[in-house]
Structures are given as structure tokens and as C-alpha cells.
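1. Sharing a sequence plus its predicted fold:
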Amino acid sequence: MLEPISIELASLNLSSLIPMSITIVGALTIIIIDLIKGDLHKSFYVMMSLLFILMSLGAVVHYSGGERGFFDVMLIDGIATLGQIIILVASALFIPLALSSNRFHEYSFPEFFGLTLFMIAGFQFMVASDNLILIFVGLETASLALYTMIAMHNRAKSFEAAIKYFTMGALAAGFYAFGALILYALTGSVEIHKIEAVLIARDFEPMWGVFLAIVFMLAAIGFKLSLVPFHTWVPDVYEGASAALAGYMSIVPKIAAFVVAIRLFEFLVHAEVVWMQIILWIIVVVTMTATNIMALVQEDVKRMLAYSSVSHAGFVMAAILIGTTQANSALFLYWVLFTFANLGAFTMLWVSRHKGKGSWGGTQYDHPYEKFSGMVKVMPLGAVIMGIFMFSLAGMPPFSLFWGKLYIMSSAVNAGYIGLAIIMAVNSAIAVYYYLKLVVFMFLRDPNSSDATVYTKNASTALKAIIGFAAFMTLVATLFVGPLLEVITSYVKASGF
């Protein structure tokens, strides 16, 4: 007769689950409150969501348990902590946008806030594990919530965007499942650190099996990172989603995918698997260059920002190809700085929302460049803040993203990727054109209307505070880049990357 297996509670390290548990409990609490007493004002749900997000952030920052937890499927190392901090901080900036005086359909539903917290929990599980099954569960939990949130915007384009995102997401989930299946068949494990040990011991044989598994995984992760050629959904989905949600999608899902990509691919880079390095090099260069060129010809600012966010993802993906501690530290630094600039830029699309069609009449776009003509004469402060975000995203010194780009390119040079660094510099120069194109429209063109009421100027206090904070962080980042990089580097080194 088999003896029962005894497991000590302390060995499970249940504290590793606390940050995710808080966000899940928060989502369930919001849904239960709505069932008990409906018709509560959205500000209540915003405050509830913020409370649980901040509690989860506190649990992440003050975590003092072991690296492994809950039957060793949880992995709370440095990059897991950094990933969760970025996810929660970006979410804390995103949630209060619901207090906008603009009446967006989705914010009238408590389910929107519950889904947001479920989505956050899914992304947290993705970054805090190296178990392929748990990563998949987190990925699908977050994705299903996100599909629904896009559709809740209640426009024809929103339904189309949600269906496109769902279809492409289902395809990516299939790729991920096939890749995980092959890796399990090759190594007998679904934990990345064990897969790494077995493959290295076998000298990556059989090579065809490893190659096939990695190609499937690259396709799945490439969809989340919107890398070429898996980027085709981005402009349509961003256009169909609300401006704030589009900005959020350009930040949070990608940092979760970057952490998974670091765990999955960097051990192959470190082992100098040549075909892996070639594949990553091609993906990085094509993603940066192709989407930069696409952004050049866009007539709509929202679609331009969509393509440019893909280019930024390709730029940051170079850090995984380089694979050094300096490069990985630069990746997280870049994404922290990108979070404020890009979310601020998308949010400004709300503040500068034009009433009516304006002189551009029957255009199919919601945010054409012409809408921003002479904005400095109508909304001077709004034009200046939007200009700050554009200068930062363009990587112009001394604005924040200049330092992120500088550190990634310097890590490429230090690792011997001179050609890659040159390509990155050229793409940064190309990006300046389409970012400054908007600045030219705002500051050097005449307004489409002399009526100063054509733009919404009644942004809520919360909206103004978030935009102001994002602009402030974009401006003063120069003063904090050094200390911030030191903190990030200490976390990355602690993770062994």
C-alpha cells in the first residue's frame, strides 16, 4: 500500500501567490458587489480597482520569500519582480482614465474593471513562472479578458478589432501549444530551466526538433510582441479599441511577452546556437525597419502610433538577441521610459478629441494629422505636452527614451553587434520624421477652425493628473536614469541574466 505524500505548508511558499491572488480577489469582489448592488458610480469601481492594484504592487515590492513557490511552478526572481512592477504601475495609470468626463461605453460596466484585474493577474502569472503550462494559462486568461474589453467599446470597428484579435490570438495559442508539446516530448519537462539543462546536456539534439519547437514558440511570442510578420493585426485592433486601451495594449502585454522571451530564447543565444541568432537578427531588423516605413506613410496619428509601437518592440527585442546583462537591463529601462511616453501620447488623443468631422469631412480615420493643425493656438498646453511625448518617442535628447535607445545601442556595440547598432541608429533617425510631422501640424499649421470649442477641454482632474505625471516623468527622466538603471541591473543580475 502506497504511503500518502506529506507536504509541509512552508515548503509551498504560498506567499509567492499573494500578488496575483490580490488582483483575482479584487476582480471577484467587484463582480459580487455589482450583483448585490448595481448602479454604483464608476468612480467607486475605479477606486476599488486602484486599491487592489496598489495592494498587489506592495506585495510584489515587499516580497521576501524564496525564489520558488507552489510546487515550484512559481518563479519570483528579479525579472519577474521588474515585470510585475511595470505591469502594475502601467495599470495604475490606465484605470483612472475611466474617470474621463467623456462618456465611453465600456466604463459604465463594472465588468470592465473586473476583466481588467483578471487580465492583470494573467500577465502576472506569465512573468512569475517558467512553467510552460502556467505561462499558457496566464496568457489565455489575459487574452480572453482583453478581447472582451476591446469589444465593450461598442463601435463597429471595436467588434471587428475584437474578432481579429481573437482569431489571431487563437492561432498564436495553437503555435504555443505545439511548441510546448515538442519541448516536452524532447525533454520530458514543461519547466524552462529543466528544458534548458536537458537540451544543453544533449548538445541540442535532435536539432530539427529543437528548431521546430523554437519556431512555434517564436510565432506565439511574436504575436504578443507584434513582431513582423505577426504584426498585421496591430493597426486595426488599436484603431478599434479606445485610445487609452490601445496605449495600454502597446505596453503591458509586451512586457509580459518580453519576460517569457528572455526565459525561452536567451539560453539558446548564450549557447551560441547560430540558427537562433540568425532568426532573431532577421526578426529584429525587419520589425524595426518595415514598421518604421509603414509608420511614415500613415495619415492617422493613432495608426502611426500603432506601427511605431511595433518598431519600438523590435528595437527592444534586440536586447534578447544580444543577451548580456547590460542589454537585459537596458530592455527594462527602455520599457519603463516607454510606458510613460506612449501611454501619455495615446491618452492625449482623448484630450484633443475633435467635436464633429471638421474640415477633413469624410475621412475614414478618427485622428488624422489635419485634426491637430494649429492645435497650439486652440490648446496651447495640450500641444506642448503632446510635443514632449513625440520628442521622447523619437528619442531626441535629453528626453527620456533617448537614454533607453542609447543604452540598448551601447550594449549592442559592447557585445560586438556593430552592424545591428548602426541599423538601430538609422531606424531611430527615420522615426524622427513621422513623430515631428505631428509637431509640425500642431505648431506650424493654421487651425482648421477659429472656434476654440472644437476640442474637448473639460478633461477630468484624474485625466489631467495622469497626463501631467507622464509628461513630468518624460521630462525629468534624465535625472533618474542612472539610479533607476542601477536598481534594474541589480534585479537582472539576481536572476542570472
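-> Nice, thanks for sending it over.
2. wait, doesn't residue 107 sit right on residue 42?
-> Yes. Using CB atoms under 8 Å, residue 107 makes contact with residue 42 at a distance of 5.2 Å. C-betas here are computed from N, CA, C, even on glycine.
3. Which residues are in contact with each of these two?
-> Counting by CB atoms under 8 Å, 6 or more residues apart in numbering, the shared contacts of residue 107 and residue 42 are residue 98.
4. So which of the two has more stuff around it?
-> residue 107 (22 against 18; other CB atoms under 10 Å).
5. check contacts around the most centrally placed residue in the chain.
-> Residue closest to the average C-alpha location in the chain (CA atoms, centre = their mean): residue 251, at 2.2 Å. By CB under 8 Å, 6+ apart, the residues touching residue 251 are 86, 90, 335, 338, 339, 342, 343.
6. Among those, name the buried ones.
-> Using 16 or more other CB atoms under 10 Å as the burial test, the contacts of residue 251 include 86, 90, 335, 338, 339, 342, 343 as buried.
7. quick one: buried residues of the longest helix belonging to the chain?
-> Assignment by DSSP state H gives helix 461-494 as the longest helix of the chain. Neighbour-count burial for helix 461-494 flags 462-463, 466-467, 470-471, 473-475, 477, 481, 484-485, 488-489, 491-492 (criterion: 16+ other CB under 10 Å).
8. do the same with stretch 409-423
-> 409, 411, 412, 415, 417, 420, 421, 423.
9. Please render those residues as a markdown table that adds distance to residue 232 to the earlier fields.
-> A markdown table is the format used below for the buried residues of stretch 409-423 (distance: CB to CB, whole Å):
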| residue | distance to residue 232 |
| --- | --- |
| 409 | 28 |
| 411 | 30 |
| 412 | 28 |
| 415 | 31 |
| 417 | 28 |
| 420 | 25 |
| 421 | 28 |
| 423 | 23 |
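10. from those, which is closest to residue 443?
-> Nearest to residue 443 among the buried residues of stretch 409-423: residue 409, at 29.1 Å, using CB to CB.
11. Tell me who's in contact with that closest one.
-> Residue 409 makes contact with 421, 424, 425 under the criterion CB under 8 Å, 6+ apart.
12. that older thread, mark which of the contacts of residue 251 are part of helices, please.
-> Going by DSSP H, the helices hold 86, 90, 335, 338, 339, 342, 343 from the contacts of residue 251.
13. does the fourth one really touch residue 403, like I thought?
-> It refers to residue 338. No. Between residue 338 and residue 403 there is no contact under CB under 8 Å: 11.3 Å.
14. residues contacting residue 427?
-> Residue 427 is in contact with 288, 289, 292, 311, 315, counting by CB under 8 Å, 6+ apart.
15. cool, and residue 196?
-> residue 267 are the contacts of residue 196 under CB under 8 Å, 6+ apart.
16. can you do 10 Å?
-> By CB atoms under 10 Å, 6 or more residues apart in numbering, the contact list for residue 196 reads 130, 187, 189, 263, 264, 266, 267, 268, 270, 271.
17. can you map out the helices along the stretch 51-200 of the chain?
-> For the stretch 51-200 of the chain, applying DSSP state H, counting those that start in this stretch gives helices covering 78-94, 110-127, 132-151, 156-187, 192-201.
18. Go through those helices and pick out the most buried.
-> Compared across the helices of the stretch 51-200 of the chain, helix 110-127 shows the largest average neighbour count, a mean of 26 (mean count of other CB atoms under 10 Å).
19. Against which helices or strands is it packed?
-> helix 18-36, helix 42-61, helix 78-94, helix 132-151, helix 243-249, helix 252-270 (3 or more CB pairs under 10 Å, 6 or more residues apart in numbering; DSSP states H and E).
20. What count of nearby residues applies to the residue nearest to residue 18 when sequence neighbours are not counted?
-> Spatial nearest neighbour of residue 18, chain neighbours left out: residue 59 (4.6 Å); criterion: CB to CB, 6 or more residues apart in numbering. Close neighbours of residue 59, defined as other CB under 10 Å, add up to 20.
21. Residue 59 reaches residue 84, doesn't it?
-> Yes. With contacts counted by CB atoms under 10 Å, residue 59 reaches residue 84, the gap being 9.2 Å.
22. so what's in contact with the two at the same time?
-> Common neighbours of residue 59 and residue 84 (criterion: CB under 10 Å, 6+ apart): 19, 20.
23. what about the helices in the stretch 201-350 of the chain?
-> 207-225, 234-240, 243-249, 252-270, 274-296, 301-322, 325-351.
24. that older thread, what's the farthest-apart pair in the contacts of residue 427?
-> Between all members of the contacts of residue 427, the farthest pair (by CB to CB) comes out as 289 and 315, at 10.5 Å.
25. Need the overlap of contacts for these two.
-> Common contacts of residue 289 and residue 315 (CB under 10 Å, 6+ apart): 423, 427.
26. Same drill for these two, tell me which one is more crowded.
-> residue 315 (27 against 17).
27. any idea how far the more buried one lies from residue 401?
-> 10 Å (CB to CB, to the nearest Å).
28. so what sits against both of those two?
-> 334, 338, 395, 428, 431.
29. want to try JSON lines for the residues you listed, with distance to residue 28 and pLDDT as columns?
-> What follows is those, written out as JSON lines (distance: CB to CB, whole Å; pLDDT from 0 to 100):
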{"residue": "334", "distance to residue 28": "35", "pLDDT": "93"}
{"residue": "338", "distance to residue 28": "32", "pLDDT": "91"}
{"residue": "395", "distance to residue 28": "42", "pLDDT": "86"}
{"residue": "428", "distance to residue 28": "45", "pLDDT": "91"}
{"residue": "431", "distance to residue 28": "43", "pLDDT": "90"}
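30. Quick check: of the residues you listed, which lies closest to residue 46?
-> residue 338 (24.4 Å).
31. Show me where the stretch 151-300 of the chain dips below the pLDDT cut-off.
-> 154 (pLDDT under 70).
32. Let's see that with 80 instead.
-> For the stretch 151-300 of the chain, the stretches with pLDDT under 80 are 153-157.
33. Kindly report the same for the stretch 1-150 of the chain.
-> Filtered on pLDDT under 80, the stretch 1-150 of the chain yields the residue ranges 1-13, 38-40, 65, 69, 98-109.
34. In the stretch 351-497 of the chain, mark out all the helices, start to finish.
-> Going by DSSP H, counting those that start in this stretch, the stretch 351-497 of the chain shows helices at 375-378, 380-393, 400-414, 418-444, 461-494.
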